[in-house]
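J.: Attaching a predicted model along with its sequence, questions to come.
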Amino acid sequence: MVYFRINELLKKNGKTKYWFIKNMEGGYQALSHLMNNENKAIHFDTIEKMCNLFNCEIGELMVIKKDKRKDK
């Protein structure tokens, strides 16, 4: 599972969820799902925008976590 580290980056940069939503200029519900890792797909331009917003590389923004439910 691809896991977005948005909440960790917000904390690291001393920013709020409100700041993220305002600067991403997207719908609250869609961005909330993204912050909670409840999304199924994402556009490359959204990933690029988040990297620019956090001034980070893709590897700092997202990681792959093993889905424990699939191991059963």
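T.: Everything's here; your move. Numbering: from 1, shown residues only.
J.: Which stretches in this structure count as helices?
T.: 6-13, 17-24, 28-35, 44-54, 58-61 (DSSP state H).
J.: For residue 67, find the nearest of these.
T.: helix 28-35 (17.4 Å; Cβ to Cβ). Glycine gets a C-beta too; all of them are placed from N, C-alpha and C.
J.: The closest one to helix 17-24, inter-axis angle?
T.: Interaxial angle, helix 28-35 versus helix 17-24 (axes from the mean of the first three to the mean of the last three Cα atoms, to 10 degrees): 110 degrees.
J.: low pLDDT regions in this structure?
T.: For the chain, the stretches flagged by pLDDT under 70 are 69-72.
J.: Same list, the helices of the chain, but as CSV with mean neighbour count and distance to residue 68 please.
T.: Shown next, in CSV, are the helices of the chain (neighbours: other Cβ atoms under 10 Å; distance: least, Cβ to Cβ, whole Å):
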stretch, mean neighbour count, distance to residue 68
helix 6-13, 15, 20
helix 17-24, 15, 26
helix 28-35, 15, 21
helix 44-54, 14, 25
helix 58-61, 13, 22
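J.: how about the ones you listed in CSV, adding distance to residue 67?
T.: Listed next are the helices of the chain as CSV, based on distance: least, Cβ to Cβ, whole Å:
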stretch, distance to residue 67
helix 6-13, 19
helix 17-24, 25
helix 28-35, 17
helix 44-54, 20
helix 58-61, 19
